[in-house]
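A.B. asks: let's see this in three dimensions:
(one chain, ligands or ions: 1)
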Amino acid sequence: MRKYSNELKPEEIVEIAGWIHEKRVHGKLVFLILRDREGFVQITVSKKDVDEETFKIAKKINKESVIKVIGKVRNEPRAPNGIEIVPNKIIVLNKAQAPLPMDPTEKVPANLDTRLDHRFMDLRRPKISSIFKIRSKILNFVRDFFHKRGFVEVHTPRIISTGSEGGTELFPVQYFEREAFLCQSPQLYKQILMASGLDKVFEIATYFRAEEHDTVWHLNEITAIDCEIAFIESHVDVMKLLEELVYSIIKNVNENAEKELKILGIDEIHVKSPFKKISYDKALEILKDLGLNIKYGEDLTTEAERKLYEYMKEEGYDLYFITDYPYIIRPFYTYIEGIESEKIDEIVEFLKENPFVKTRSFDLDYKGREISSGSQRIHKYEILIASLKVKGLRVESFKHYLEAFKYGMPPHGGFGLGIERLLMQLLNLKNIREAVLFPRDRNRLTP
Ligand code: AMO
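C.D. replies: Here you go, the predicted structure:
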């Protein structure tokens, strides 16, 4: 049975397989450092211990070739982790060509583009694979978190007929003889499901966003943790759940990904709970005091987000909510405060006259970047129609979504939490592309 490099015990005869990370030849001795998923082990090939053929193989083989070794484990204080394998047999499973497109030992640094072009090789570096091992652990934990709380995991369509977030950030696809789009988020479907009686749903979803931004925190294809809950009192219930989720993700990473964090040079991820909560109005006041004027009704700029974090950091917060945004900068489905009327025309008029009316909405920022946003949703049919009209969206395009609001839709709300942004901030990655295996951005469609 094949063993990993972290499972070896002295005096055992073992079989181990992996890549040749390093090779040093000293006359009648060849040292191979074999790398597998779990780490490294030295293979010490001495001319006197092995047959001529095996010695020749060891001496000649290129770095990054894949080998299988059968041999005896021995204590060796001079070897990297205190043990070495003295091989009986070395089998070359596949030779690597030379020169390599990049250096997996990190001795020669490579730029991000070269690394992403050769991602399979980039991932041979423990620092890089650690990011994805943590990502996998987080998603496993998230599924468990929701299931323990009675949520049902769902999968909604990736090919859709209409945008869910408003705006024009859609990728068109040819769907037989019709035009369709890649989904921007599961928003409309997770809301429809609130009328189904499933009550609490979550989805690990892919979002496609045709945003033109070419920045270090935007991607055109992302993964997000989406959830929706029925029978809430307000957005505060949703924020409570999101806070519990993010807090427990961080706790879980600290407890269960110690090895990966260490490889990434992180001792422990700091988290102060409860998270700080400030309203949009308060955020603008704080920013004004810090010398930055944001026009009321405009979104926080990158600079504003960064300044706000400086303020929060002083108070010990890396994570904080910004709540109660004005209607003008939130999506059409966001719950609007203070609407009494059930007449569509009256509501339209009210919204046109009061574009800054407060909504039951929030963003969760982590070290100066938005990682999640959510809200209570409008659950009244007439208000929803009015909101679509005020936002300049075609009511007919939302026909099937609107149906769900006619025959018993409970109050509900939810959030979307971008996994790449979460990982980026959690692990202090400088570029969001580090948090996704094969990023899709404005310029990158391969590999
Ligand atoms: P929103 O559009 O704010 O909300 O997206 C939710 C979260 O998804 C991530 N995200 C992105 N990450 C990287 N690059 C992008 N281009 C990008 N776009 C979004 C962010 C963001 O906070 N339907 C609502 C959520 C809800 O209310 O339930 C939505 O999609 O982390």
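
A.B. asks: may I ask you to name the longest strand in the chain?
C.D. replies: The longest strand of the chain (DSSP state E) is strand 13-26.

A.B. asks: chain center to it, what's the gap?
C.D. replies: From the chain centre to the centre of strand 13-26 is a distance of 34 Å (CA atoms, centre = their mean, to the nearest Å).

A.B. asks: tell me which residues are up against that strand.
C.D. replies: Outside strand 13-26, the residues that touch it by CB atoms under 8 Å, 6 or more residues apart in numbering are 1-5, 8, 30-37, 40-41, 59, 61-73, 85, 88, 93, 96, 104-105, 124. C-betas here are computed from N, CA, C, even on glycine.

A.B. asks: buried ones among these?
C.D. replies: 3, 5, 8, 30-36, 40-41, 61, 63-69, 71, 73, 85, 104, 124 (16 or more other CB atoms under 10 Å).

A.B. asks: what about the ligand: which of those residues touch it?
C.D. replies: The residues of these that also fall near the ligand, by CB under 6 Å from any ligand atom, amount to none at all.

A.B. asks: these in strands, which ones?
C.D. replies: Counting by DSSP E, the buried ones among the contacts of strand 13-26 place 3, 30-36, 40-41, 66-69, 71, 73, 85 in strands.

A.B. asks: so where do the helices sit in the stretch 151-300 of the chain?
C.D. replies: Ranges of helices in the stretch 151-300 of the chain, per DSSP state H, counting those that start in this stretch, are 187-192, 235-256, 258-263, 280-289.

A.B. asks: and these, which is most packed in?
C.D. replies: Most buried of the helices of the stretch 151-300 of the chain, by mean neighbour count (mean count of other CB atoms under 10 Å): helix 187-192, with a mean of 23.

A.B. asks: tell me which residues are up against that one.
C.D. replies: Here helix 187-192 has contacts from 154, 156-157, 160, 162, 164-165, 201, 203, 226-228, 331, 333, 377, 398, 400-401, 404, 412, 414, 416, using CB under 8 Å, 6+ apart.

A.B. asks: narrow these to those in strands?
C.D. replies: Going by DSSP E, the strands hold 160, 201, 203, 226, 227, 228, 412, 414, 416 from these.

A.B. asks: farthest-apart pair in these, please.
C.D. replies: Greatest spacing in the ones in strands among the contacts of helix 187-192, by CB to CB: 160 and 412 (20.1 Å).

A.B. asks: give me the more crowded residue out of these two.
C.D. replies: Neighbours were counted for residue 160 and for residue 412 using other CB atoms under 10 Å; residue 412 has more, 24 against 21.

A.B. asks: residues contacting the residue of the stretch 251-400 of the chain found nearest the ligand?
C.D. replies: Using CB to the nearest ligand atom, residue 373 is the residue of the stretch 251-400 of the chain that sits closest to the ligand, at 3.7 Å. By CB under 8 Å, 6+ apart, residue 373 lies in contact with 361, 362, 363, 364, 415, 416.

A.B. asks: looking at these, which is nearest residue 390?
C.D. replies: Among these, residue 361 lies closest to residue 390 (CB to CB), at 15.9 Å.

A.B. asks: now residue 9. Nearest residue, chain neighbours left out?
C.D. replies: residue 73 (6.3 Å; CB to CB, 6 or more residues apart in numbering).

A.B. asks: what pairs with that neighbour across the strands?
C.D. replies: residue 85 (DSSP bridges).

A.B. asks: which residues touch whatever residue of the chain ends up closest to the ligand?
C.D. replies: Minimum separation of the chain from the ligand (CB to the nearest ligand atom) falls at residue 418, amounting to 2.4 Å. Neighbour list for residue 418: 207, 222, 223, 224, 371, 372 [criterion: CB under 8 Å, 6+ apart].

A.B. asks: relative to residue 222, how far out is the first one?
C.D. replies: It refers to residue 207. Distance, residue 207 to residue 222, using CB to CB, to the nearest Å: 5 Å.

A.B. asks: confirm for me that residue 324 is in contact with residue 358.
C.D. replies: Yes. Contact status for residue 324 versus residue 358: in contact at 4.9 Å, counting by CB atoms under 8 Å.

A.B. asks: what are the phi and psi angles of residue 297?
C.D. replies: phi 90, psi 0 (degrees, to the nearest 10).

A.B. asks: that one - how many residues pack around it?
C.D. replies: Neighbours of residue 297 under the rule other CB under 10 Å: 14.
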